[in-house]
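Engineer: Need the 3D shape of this:
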Amino acid sequence: MQCLQIYGEMWRKAVCSIPPYRPFSSSAATDIPTLYSFLQPSIFALKPNKQSKQPQDSTNSQTKTLTEEQKTTLQTTLEKSLLTHNTDEAWKSFKSLTICCTFPNKSLTNSLITHLSSLQDTQNLKRAFASVIFVIEKDPKLLSFETVTTLLSSMNFANTAAPAFALIKCMFKNRYFVPFGLWGNMLVDVSRKSGSLVAFLRVFEECCRIAIDEKLNYMKPDLAACNAALECCCCELESVSDAEKVVATMSVLGVRPDESSFGFLSYLFALKGLEKKIDELEKLMVEFGFSNKRVFFNSLIGGYVKSGKIDSVSTTVLRSLREGNGKEWIFSDETHCEVVKGYLQNGAMKSLASLIIEAQKLESPMLEVDKSFGYGIISACINLGLADKAHSILDEMNAQSGSVGLGVYVPILKAYSKEHRTAEATQLVVDIGNSGLQLDAGMYDMLIEASMTSQDFQSAFTLFRDMRDARILDLKGSYLTIMTGLMENQRPELMAAFLDEVVEDPRIEVKTHDWNSIIHAFCKAGRLEDARRTFRRMTFLQFEPNDQTYLSLINGYVTAEKYFSVLMLWNEIKRKISGGKEKGINFDHNLVDAFLYALVKGGFFDAVMQVVEKSQEMKIFVDKWRYKQAFMEKHKKLKVSKLRRRSFRKMEALIAFKNWAGLNA
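Structural biologist: Just a heads-up that it's a prediction; the model follows:
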């Protein structure tokens, strides 16, 4: 108890000259409105006015008294309806009982309200609310604390603050005191969500009055509620006197403040320019043992920004960095955004650039890139949709000959990448390189991928060259991104030029399949001369063609009906096979099929039979039907007698093919 008195006294001294504690006015408790229009139920007016009182009395005078048998029947119906979840029937039975000034037993009353609260729809929430108000007015002993808590929880979930406040005020008015711990946090939560902290402050004041005057310790608001009241006074009402009243109440109640409590007050004092109070507040934080001033400094900056005191913002930022020895990242994302908006609204971009430069001087060289003040400011610009302003801040820093750390560039590069402003990103990368800084492989990969997605191939190539010049070891990811993107966009000529440029770089593992991709793309586009040129370049650089290389070329030649070129390919493969140099070539069914089909179409039956002989030697199954069809389509009128006069060898080859394919029959 003595400890509470000591820190209570310290807390009162923190804001200086706080007047003695004055009980809050109880007017808030008597100001219980009629049910809000959007919650008006069909029965149970909360507090009928004088005009409506006479008709109601008249109605009540005509109300019949229920017999015991009728009461029992209605209660039984109510109970069965709740068990079967027949909500409308249960509500009808409850209305019939209460209109006649009769209540179901306590268990049934609470079960009905709990059921209505759990349904999470507006109509039944109205019913539950009206029922609780009515029971509190008429016979609160029937109502359990748990039922009230359930209803308030549903109101919080539905974000309906007005009826929640009305319910609490009704409880106070009728001296139905539910312990604060059962409902306080829910009311704070719904107040924040609905922007109703001012309304909460009035409930808070009345609750404190009850706890103090009635000496009901269980009605004492906790720290979270006190902070919500402080937040309202400091950030919404911006009232020093109201904030001091809350501080005084906390001292009386023995509620110990935390960092947030000091934060709200520091924001208010900074906003109002009360520098002496700020000094006293900071000293008190030390006395309370709070060494982490993150919340304090963030709140100070917020107050200074709102009041337009830009010089005080700079002073606070630099002071906080000095106290943290440049190691502690104490500014929140929200604070960075506030600083940006404050400086830009005051037309102080040059000052903001200067602040970043000064902050960098105080920050530890070991500080991670994304935890620097400059990174936070530039990121805030990006988050506010001000990427161009962020770039202008960089330009201004360079103009002031400031040391622009890499961390300040990174958020802009990420923003440009996300917005597909790839040309601007690439130019910024060049600027970064010229300043002596170097990006990592991950950043290059991200920018190159964005460039390829935007089909900005020139930027991708420029970035990759910059990446190579920066001597980054891991080039594989970006290399594959470029090759894949060019393939998908059917740009084999760019693939060939790119591959030719990087093929001798030891950091890039170029393989046969890379050349195959280019050859395939050229063949698919019908650019056979380019495909042949790539093939020759490939072999010149001593990359061994494989079965995929030849398949792409064969298919391309067949499409263009250049069957003689296929014959040349077969002669090349035949030499390799004969010389035992078939390394890399998988002479399988696919390759046999492609050669046979093309050579039959071209009428090179001697070569056809060579392929057949090789397939038989390697026990590769061949479907003869396909080649019969190819022969009939292309050489149906070809006669052996005509070939006899031209070439005996061709005649023999044709006869052999027909015999093999079964065409002579």
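
Engineer: in this structure, which segments are predicted with low confidence?
Structural biologist: 1-64, 326-327, 329, 579-584, 636-648, 665 (pLDDT under 70).

Engineer: Could you find the residue nearest the spatial middle of it?
Structural biologist: In the chain, the centroid-proximal residue (C-alpha atoms, centre = their mean) is residue 383; its distance is 12.5 Å.

Engineer: That one against residue 338, yeah?
Structural biologist: No - using C-beta atoms under 8 Å, residue 383 and residue 338 do not qualify as a contacting pair, with a distance of 11.9 Å. Quick note: C-beta positions are derived from backbone N, CA and C, even for glycine.

Engineer: tell me the secondary structure for residue 401?
Structural biologist: With DSSP: H, G, I helix; E, B strand; the rest coil as the basis, residue 401 sits in coil.

Engineer: my bad, residue 177
Structural biologist: Under three-state DSSP, residue 177 comes out as coil.

Engineer: Now do it against residue 334, distance only.
Structural biologist: Per C-beta to C-beta, to the nearest Å, residue 177 is found 38 Å from residue 334.

Engineer: Could you check which of the two is surrounded by more residues?
Structural biologist: residue 177 (17 against 12; other C-beta atoms under 10 Å).

Engineer: My guess is that one contacts residue 206. True?
Structural biologist: No - judged on C-beta under 8 Å, residue 177 makes no contact with residue 206 at a distance of 11.4 Å.

Engineer: Please name the residues that touch the residue nearest to the centre of the chain.
Structural biologist: Residues near residue 383 by C-beta atoms under 8 Å, 6 or more residues apart in numbering: 333, 337.

Engineer: repeat that with 10 Å
Structural biologist: Neighbour list for residue 383: 333, 336-337, 340, 411, 415 [criterion: C-beta atoms under 10 Å, 6 or more residues apart in numbering].

Engineer: will you turn those residues into a markdown table that also has neighbour count?
Structural biologist: As requested, the contacts of residue 383 are arranged in a markdown table below (neighbours: other C-beta atoms under 10 Å):
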| residue | neighbour count |
| --- | --- |
| 333 | 11 |
| 336 | 22 |
| 337 | 18 |
| 340 | 26 |
| 411 | 22 |
| 415 | 23 |
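
Engineer: Residue 272 contacts residue 241, correct?
Structural biologist: No - the pair residue 272 / residue 241 is not scored as a contact, 11.2 Å apart, by C-beta atoms under 10 Å.

Engineer: rewinding a little: and for residue 177 and residue 206, which residues touch both?
Structural biologist: residue 219.

Engineer: tell me the SS of residue 200?
Structural biologist: Going by three-state DSSP: residue 200 is helix.

Engineer: again with the one 10 residues further on
Structural biologist: On the three-state scheme (three-state DSSP), residue 210 is labelled helix.

Engineer: now do residue 302
Structural biologist: Once three-state DSSP is applied, residue 302 turns out helix.

Engineer: Can you report how many residues lie near it?
Structural biologist: 23.

Engineer: likewise residue 488?
Structural biologist: 11.

Engineer: got the CA coordinates for stretch 256-270 in PDB?
Structural biologist: C-alpha atoms of stretch 256-270 as PDB (Å, rounded to 0.1, in the frame of the first residue of the first chain):
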ATOM      1  CA  ARG A 256       0.600   2.400 -12.300                       C
ATOM      2  CA  PRO A 257       1.300   4.000 -15.700                       C
ATOM      3  CA  ASP A 258       3.300   2.300 -18.500                       C
ATOM      4  CA  GLU A 259       5.200   3.500 -21.500                       C
ATOM      5  CA  SER A 260       2.000   4.100 -23.400                       C
ATOM      6  CA  SER A 261       0.700   6.400 -20.600                       C
ATOM      7  CA  PHE A 262       3.800   8.500 -20.900                       C
ATOM      8  CA  GLY A 263       3.600   8.400 -24.700                       C
ATOM      9  CA  PHE A 264       0.100   9.900 -24.800                       C
ATOM     10  CA  LEU A 265       1.100  12.700 -22.500                       C
ATOM     11  CA  SER A 266       4.400  13.400 -24.400                       C
ATOM     12  CA  TYR A 267       2.400  13.700 -27.600                       C
ATOM     13  CA  LEU A 268       0.000  16.200 -26.000                       C
ATOM     14  CA  PHE A 269       2.800  18.300 -24.300                       C
ATOM     15  CA  ALA A 270       4.700  18.400 -27.600                       C
END
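
Engineer: which parts of it are buried?
Structural biologist: 256-257, 259-270 (16 or more other C-beta atoms under 10 Å).

Engineer: okay if I get the residues you listed as CSV plus distance to residue 279?
Structural biologist: CSV is the format used below for those (distance: C-beta to C-beta, whole Å):
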residue, distance to residue 279
256, 22
257, 17
259, 17
260, 20
261, 17
262, 13
263, 16
264, 17
265, 12
266, 11
267, 15
268, 15
269, 10
270, 12
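
Engineer: what would those look like in TSV with distance to residue 442 and secondary structure?
Structural biologist: Below are these laid out as TSV (distance: C-beta to C-beta, whole Å; DSSP: H, G, I helix; E, B strand; the rest coil):
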residue	distance to residue 442	secondary structure
256	46	coil
257	44	coil
259	36	helix
260	37	helix
261	42	helix
262	40	helix
263	36	helix
264	41	helix
265	43	helix
266	39	helix
267	38	helix
268	44	helix
269	44	helix
270	40	helix
